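# The amino acid sequence is not available; the structure is as follows:
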Ligand code: ADP
Ligand code: ASP
Ligand code: MG
């Protein structure tokens, strides 16, 4: 079998953890498998590097930032290769470009265009364990790019897809995918399995256990993923196209604190207003969600929506001139909000799921600002101060204590 194993920052944070990973990897190798390992930077290395850059130049170029951040993974691949060697097994470390990762040129959020796995294959043929730096690639100018935070998950899936691996295992610091963040919600339960679509909605709604792009790619190329613990050798969570029928209305609750709510108040109630507002936001390359438009009254209406918090200022800037031109009463941006989502394919066939979420929030006396939904997700926006309580209340409603 060809197995791709990815280890996140907490799984390689110090010498002891690196040696622990080396043991997992070599055990898989000893069973007769070809093993490609993808690793992230150790512990908080990436955050520390960002801090170093900010001390020197808070507006450093994105190219230089990628050059800097890619260094984190270079440290962990070489240390892991040395750890594997110390256990008496052959290993070689490869940077993203050596492993054939070609990306577009969007520094800091580059997309993988292609993985050319020739070198990896040649090393596997020499019976080596191949240790690849996650999170990085090379663009057409031969410059180093990074894939966005949490991007090592995507690196692992990309290799698994390109090499048609039998399995892609994502090792982390919890035992799998849970019904809510197990570090925050005491009653959270581990899921045996979850579909790509459900996992994609969970990841996009704030469950950072998997990067959403990695799930998108796994779905596209039908890569079977498993999320499991690097510290405890127990079964994890399988992520796949179809799961066995379970009587679960929803699979989980997620919270995203990195959103902001933008509202334009008192605009004329004319045709074409929504188009004019959202085309301006789209032109600034900002994704919107949770759109709410009020019923027109006295010839005016309001539009509110959420954007990623990092884009809030840009969204307001994109709308300022227009809001003034049409005589809107106010253009406001609120950052103290949390988006709470429930996710599950069960809601396609059960109509009372959303109501259950609203009931739980009402019982906890938490006010809902806006609501949005997809086929398998319902999201609400609440005050940030109510965020944790909201997750607890909604989780308790669906999963009990
Ligand atoms: P890694 O360094 O291994 O990539 P991450 O910190 O990116 O690890 O992701 C693992 C973390 O995701 C867990 O420690 C957990 O707190 C958090 N998490 C959030 N939501 C969930 C969930 N639904 N199931 C499991 N973990 C979750
Ligand atoms: N080291 C990168 C980060 O911290 C990539 C990753 O961990 O997946 O975001
Ligand atoms: Mg991660």
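On my side now, so go ahead. The structure presented is a predicted model; accordingly, all values stated were derived computationally and were not measured. Numbers count the residues shown, from 1 in each chain. Ligands and ions are numbered 1, 2, ... in the order given.
# what's the longest helix in this protein?
In the chain, assigned by DSSP state H, the helix with the most residues is helix 62-86.
# What pairs with the helix or strand following that helix, parallel or antiparallel?
Sequence order places strand 91-94 as the next helix or strand after helix 62-86, per DSSP states H and E. According to DSSP bridges, strand 91-94 forms sheet pairs with strand 129-133 (parallel).
# Farthest out from the centre of the chain, which residue is that? Tell me.
Distance from the centre of the chain peaks at residue 298, with 42.9 Å (Cα atoms, centre = their mean).
# Residue 331 versus that residue, what's the distance?
Using Cβ to Cβ, to the nearest Å, residue 298 is found at 19 Å from residue 331. Glycine gets a C-beta too; all of them are placed from N, C-alpha and C.
# burial count for the residue of the stretch 251-400 of the chain at minimum distance from ligand 1?
Closest to ligand 1 within the stretch 251-400 of the chain is residue 252: 5.3 Å, counting by Cβ to the nearest ligand atom. Residue 252 has 28 neighbouring residues, counting by other Cβ atoms under 10 Å.
# Pull the contacting residues for the residue nearest to it when sequence neighbours are not counted.
Leaving aside its chain neighbours, residue 252 sits nearest to residue 179 (4.6 Å; criterion: Cβ to Cβ, 6 or more residues apart in numbering). Contacts for residue 179 were tallied using Cβ atoms under 8 Å, 6 or more residues apart in numbering; they are 185, 188-189, 191, 251-253, 395, 398-399.
# Same question for residue 132.
By Cβ under 8 Å, 6+ apart, the residues touching residue 132 are 36-39, 77, 93-94, 96, 99, 120, 155, 159.
# For those residues, give me CSV that also has neighbour count.
Putting the contacts of residue 132 into CSV (neighbours: other Cβ atoms under 10 Å) gives the following:
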residue, neighbour count
36, 28
37, 30
38, 30
39, 33
77, 28
93, 23
94, 19
96, 29
99, 30
120, 25
155, 29
159, 28
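# What average pLDDT does stretch 356-370 get?
Stretch 356-370 comes out with an average pLDDT of 96.
# Show residues contacting that stretch.
Around stretch 356-370, the neighbours that count as contacts under Cβ under 8 Å, 6+ apart are 249, 261, 290-292, 304-306, 337, 342, 378, 380-383, 386, 389-390, 393-394, 396-398.
# For beta bridges, what are the partners of the residue lying closest to residue 225 once chain neighbours are set aside?
Once flanking residues are discounted, residue 225 sits nearest to residue 239: 4.1 Å by Cβ to Cβ, 6+ apart. Beta-bridge pairing for residue 239 (DSSP bridges): residue 194, residue 225.
# Check residue 167 too.
For residue 167, the beta-bridge partners are residue 3 (DSSP bridges).
# what's the neighbour count on it?
17.
# Thought residue 226 was touching it, still the case?
Yes: at 6.6 Å, residue 167 and residue 226 qualify as touching, with contact defined as Cβ atoms under 8 Å.
# helices and strands around whichever strand or helix holds residue 281, which ones?
Take DSSP H and E as the rule and residue 281 turns out to sit in helix 273-283. Packing partners of helix 273-283 (3 or more Cβ pairs under 8 Å, 6 or more residues apart in numbering; DSSP states H and E): strand 300-308, helix 312-325.
# repeat that for 10 Å
strand 259-268, strand 289-293, strand 300-308, helix 312-325 (3 or more Cβ pairs under 10 Å, 6 or more residues apart in numbering; DSSP states H and E).
# what's the average pLDDT for the third one?
If I follow you right, that is strand 300-308. The model assigns strand 300-308 a mean pLDDT of 94.
# Run the angle between it and helix 273-283 for me.
For strand 300-308 against helix 273-283, the angle by axes from the mean of the first three to the mean of the last three Cα atoms, to 10 degrees is 20 degrees.
# And the first one, by the same measure?
Following the same axes, to 10 degrees, one obtains 140 degrees for the angle between strand 259-268 and helix 273-283.
# Of all the residues in strand 259-268, which ones are buried?
259-267 (16 or more other Cβ atoms under 10 Å).
# Residues of this structure that sit close to ligand 1?
Contact residues (Cβ under 6 Å from any ligand atom) of the chain with ligand 1: 8-11, 40, 150, 172-174, 177-178, 180-183, 207-209, 252.
# Of the residues you listed, grab the buried ones for ChimeraX.
Here is the ChimeraX command that selects the buried residues among the residues of the chain next to ligand 1 (16+ other Cβ under 10 Å):
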select :8,9,10,11,40,150,172,173,174,177,178,180,181,182,207,209,252
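# could you pick out which of the residues of the chain next to ligand 1 are near ligand 3?
8, 150 (Cβ under 5 Å from the ion).
# Partner strands of the worst-scoring helix or strand of the chain on mean pLDDT and their direction?
When the helices and strands of the chain are compared on mean pLDDT, DSSP states H and E, strand 289-293 comes out lowest with a mean of 88. Strand 289-293 has its sheet partners listed here by DSSP bridges as strand 300-308 (antiparallel).
# Tell me the spacing between the residue in the stretch 151-300 of the chain that ligand 2 sits nearest to and residue 50.
Of all residues in the stretch 151-300 of the chain, residue 152 sits closest to ligand 2, at 3.2 Å by Cβ to the nearest ligand atom. Separation of residue 152 from residue 50 (Cβ to Cβ) stands at 16 Å.
# These two: which has the busier surroundings?
More crowded of residue 152 and residue 50, by other Cβ under 10 Å: residue 152, with 29 against 15.
# near ligand 3, which residues of the stretch 1-150 of the chain show up?
Within the stretch 1-150 of the chain, the positions adjacent to ligand 3 are 8, 150 by Cβ under 5 Å from the ion.
# which non-adjacent residue is nearest the closest residue to ligand 3 within the stretch 1-150 of the chain?
Nearest to ligand 3 in the stretch 1-150 of the chain, going by Cβ to the ion, is residue 150, at a distance of 4.2 Å. Closest residue to residue 150 apart from its sequence neighbours, by Cβ to Cβ, 6+ apart: residue 211 at 3.9 Å.
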